[in-house]
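S.K.: the sequence isn't on hand, but the structure is:
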């Protein structure tokens, strides 16, 4: 099965929801309305013909100042049976950072969506455990946003001194070879 035929199948079943289909270097990207991402993903997985049974990853891009809708949430979905990969993109505005979670469709989406939330601040509605996964819970800001300061936050992270104290405490357990 070719990725473009998967894209055409999506357009056939969701004609009003597909914003664009792009083919570039043997990869197909389907940009869809964010309100339809859950239904489209469910269709891709449950369709016996398409059998898109593996969510490879979920990530995001920040297009600060380059596109009218600042963010894109990106899904790479693969069919093991058909050996076919397709990319879905969902444009998201800075004013409405909510996208439906697909973690009930693919369990692996849980961690990917948490990472997206942690790094970009995109909230996945109906996610079972949406909390930070890479940064400490009390971290302020989202490090992969284009407007996040390259040198880090203005103030030292509150937990920094605690981490240093623990490092000193645990240093006595280090084994030198």
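M.R.: Nice, thanks for sending it over. This one's a predicted model, so the numbers in the text were calculated from it and none came from an experiment. Numbers count the residues shown, from 1 in each chain.

S.K.: residues in contact with stretch 159-169: which ones?
M.R.: 136, 138 (Cβ atoms under 8 Å, 6 or more residues apart in numbering). For every residue, glycine as well, the C-beta is placed using N, CA and C.

S.K.: now that stretch: how far from the chain's centre is it?
M.R.: 32 Å (Cα atoms, centre = their mean, to the nearest Å).

S.K.: cool, and stretch 145-153?
M.R.: With Cα atoms, centre = their mean, you get 20 Å for stretch 145-153.

S.K.: measure stretch 139-146 end to end?
M.R.: 17 Å (Cα to Cα, to the nearest Å).

S.K.: for it, buried residues please.
M.R.: 142, 144, 145 (16 or more other Cβ atoms under 10 Å).

S.K.: hmm, residue 73 is touching residue 89, no?
M.R.: Yes. The pair residue 73 and residue 89 passes the contact test of Cβ atoms under 8 Å, sitting 7.3 Å apart.

S.K.: so where's the chain uncertain?
M.R.: Along the chain, segments meeting pLDDT under 70 span 152-155, 157, 175-177.

S.K.: now the helices for this structure?
M.R.: 3-13, 37-46, 109-120, 160-170 (DSSP state H).

S.K.: export these to TSV and append columns for distance to residue 69 and mean neighbour count.
M.R.: Formatted as TSV, the helices of the chain follow (distance: least, Cβ to Cβ, whole Å; neighbours: other Cβ atoms under 10 Å):
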stretch	distance to residue 69	mean neighbour count
helix 3-13	20	17
helix 37-46	14	18
helix 109-120	13	21
helix 160-170	35	10
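
S.K.: I'd like those laid out as JSON lines, including distance to residue 102.
M.R.: Shown next, in JSON lines, are the helices of the chain (distance: least, Cβ to Cβ, whole Å):
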{"stretch": "helix 3-13", "distance to residue 102": "15"}
{"stretch": "helix 37-46", "distance to residue 102": "5"}
{"stretch": "helix 109-120", "distance to residue 102": "5"}
{"stretch": "helix 160-170", "distance to residue 102": "34"}
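
S.K.: among these, which is nearest residue 27?
M.R.: Residue 27 sits nearest to helix 3-13 of all the helices of the chain, at 6.7 Å, using Cβ to Cβ.

S.K.: buried residues in stretch 125-139?
M.R.: Buried, per 16+ other Cβ under 10 Å, within stretch 125-139: 127, 130, 133.
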